[in-house]
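S.K.: Got a sequence here, can you model it:
(one chain, ligands or ions: 1)
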Amino acid sequence: MHKLKSSAWRALEIGACVAWLAAMTARAGDASAPSAFAATIENQAKAPGPAPEGMVWIPGGEFSMGCVMPSEGVCTMATMNALNDAQPVHRVYVDGFWMDTNDVTNAKFEQFVKATGYVTVAERTPTKEEFPDAPPENLVAGSTVFTPTTNAVPLDDYFQWWRYVKGANWRHPEGPRSSIQGRGNYPVVQIAYEDAAAYAKWAGKRLPTEAEWEFAARGGLSGKTYAWGNELKPGGKWMANIYTGHFPYEDTSEDGFAGIAPVGQFPPNGYGLFDMAGNVWQWCSDWYRPDYYAQLAADGVTRNPPGPAASASDPNDGRPQRAQRGGSFLCTDQYCTRYMMGTRGKGDVDTGSNHLGFRCVKDAQPEKKSAPAR
Ligand SMILES: [Ca+2]
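M.R.: Residues are numbered from 1 along each chain as shown. Purely as a prediction, here's the structure:
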């Protein structure tokens, strides 16, 4: 069944690192800024009015986008057409925009569902028309859930820790026995792309492009390893909810949280944005192509890149993919470090999981023109 298969592949892609760890760790600790990066040049114009509730103004401007570390290769293994999709580092300009300070929470998403009656992808029963090759017993509503192993396992088979769970959806993130009761301030998860887009439209917002997301996440800095600088734990302080301990069987919660955390538990970045690294992955509006940066880099400074015209097909099941950013509470220095700045993620558009959410952006309203003189 494609849906099952694609879910698992996507889960792998957003969770994996095996080799090159020593080299990568060493490079991550190198405080010297890579020469591929030039300074961020922020627009100087002030915010075009009072901030919409729960949003901050991102000034926009010109910045160096991408990552010099071979994160893609590390995170996707040799079987996943490993290559570095975050290279080359290239100059990009984005206009200013408003951005949600936090990931969309369960409480916010519930408001949307109550107002519209919206039913998410994970709550819909897959049809025979959509999946003609699937046996009927597999056509059940559900989604992908991380399940820790009981002990150490070789990190070469993600089926050991990812399962398609009947009845898993945003109200039941880890399956039918789980709930979001008392979790109103947690990021909503088990969200497919169209679910995120539907929420954004209802809220009068939209999803960020990858360029907007990365400009915002860098918070005015340039070429830093993390959203806050070059040290994972400056002064010994954790700055994001990642996976500490031994993946995938022992989450030691050294950073304060085993599993998902409520929004806003760590210091914000330079633009006042919380959780732009770790906790949950965030959908972006770009179709995903691993060679998109190479295309852009040939054109000098690219203005407001919207992503490629179409997705590169998932090499494993041919399904279209959109970009995701930020990493999650399952990212570990043993297995995936895509909480690092500039790295990219992606996933099948119809597939959610319990570490994938989103946040929205909003364009500046055009200045009202004064009435013409009579
Ligand atoms: Ca954690």
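
S.K.: What is the neighbour count of residue 37?
M.R.: 21 (other Cβ atoms under 10 Å). The way it works is simple: take the backbone N, C-alpha and C, and place the C-beta from them, glycine included.

S.K.: How much space separates it from the ion?
M.R.: In this structure, residue 37 and the ion are 29 Å apart, going by Cβ to the ion, to the nearest Å.

S.K.: One more: residue 298?
M.R.: For residue 298, the distance to the ion equals 40 Å [Cβ to the ion].

S.K.: One more: residue 186?
M.R.: On the measure of Cβ to the ion, residue 186 and the ion end up 13 Å apart.

S.K.: How about residue 170?
M.R.: Separation of residue 170 from the ion (Cβ to the ion) stands at 21 Å.

S.K.: give the contact list for that residue.
M.R.: Neighbouring residues of residue 170 by Cβ atoms under 8 Å, 6 or more residues apart in numbering: 106, 109, 120, 122-123, 180, 188-191, 195, 352.

S.K.: okay, it: pLDDT?
M.R.: Reading off the confidence values, residue 170 has pLDDT 98.

S.K.: Could you report the neighbour count for residue 125?
M.R.: Applying other Cβ under 10 Å, we find 9 residues neighbouring residue 125.

S.K.: how much space between it and residue 165?
M.R.: Look at residue 125 and residue 165: by Cβ to Cβ, to the nearest Å, they are 15 Å apart.

S.K.: Generate CSV for the contacts of residue 170, with neighbour count, secondary structure and distance to residue 151 as supplementary columns.
M.R.: Output for the contacts of residue 170, formatted as CSV (neighbours: other Cβ atoms under 10 Å; DSSP: H, G, I helix; E, B strand; the rest coil; distance: Cβ to Cβ, whole Å):
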residue, neighbour count, secondary structure, distance to residue 151
106, 24, helix, 32
109, 25, helix, 36
120, 23, coil, 34
122, 26, helix, 30
123, 19, helix, 34
180, 18, coil, 30
188, 30, coil, 32
189, 29, coil, 26
190, 28, coil, 27
191, 30, coil, 31
195, 26, helix, 35
352, 30, coil, 28
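
S.K.: so what secondary structure elements neighbour the longest strand anywhere in the chain?
M.R.: Identified as the longest strand of the chain according to DSSP state E is strand 281-287. Strand 281-287 sits against helix 193-202, helix 210-218, strand 321-325, strand 356-357, with contacts defined as 3 or more Cβ pairs under 8 Å, 6 or more residues apart in numbering; DSSP states H and E.

S.K.: Select, out of these, the one closest to the ion.
M.R.: Closest approach to the ion among the helices and strands packed on strand 281-287 (Cβ to the ion): strand 356-357, 15.6 Å.

S.K.: Now do the strands in the stretch 1-150 of the chain.
M.R.: 41-42, 55-58, 61-65, 90-94, 97-100, 142-146 (DSSP state E, counting those that start in this stretch).

S.K.: got the ones you listed as a markdown table, with distance to residue 301, mean pLDDT and mean neighbour count columns?
M.R.: A markdown table is the format used below for those (distance: least, Cβ to Cβ, whole Å; pLDDT from 0 to 100; neighbours: other Cβ atoms under 10 Å):
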| stretch | distance to residue 301 | mean pLDDT | mean neighbour count |
| --- | --- | --- | --- |
| strand 41-42 | 10 | 98 | 14 |
| strand 55-58 | 18 | 98 | 21 |
| strand 61-65 | 6 | 98 | 21 |
| strand 90-94 | 4 | 97 | 21 |
| strand 97-100 | 18 | 98 | 24 |
| strand 142-146 | 38 | 96 | 26 |
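
S.K.: Of those, which is nearest the ion?
M.R.: Nearest of the strands of the stretch 1-150 of the chain to the ion, taken as Cβ to the ion: strand 142-146 at 12.5 Å.
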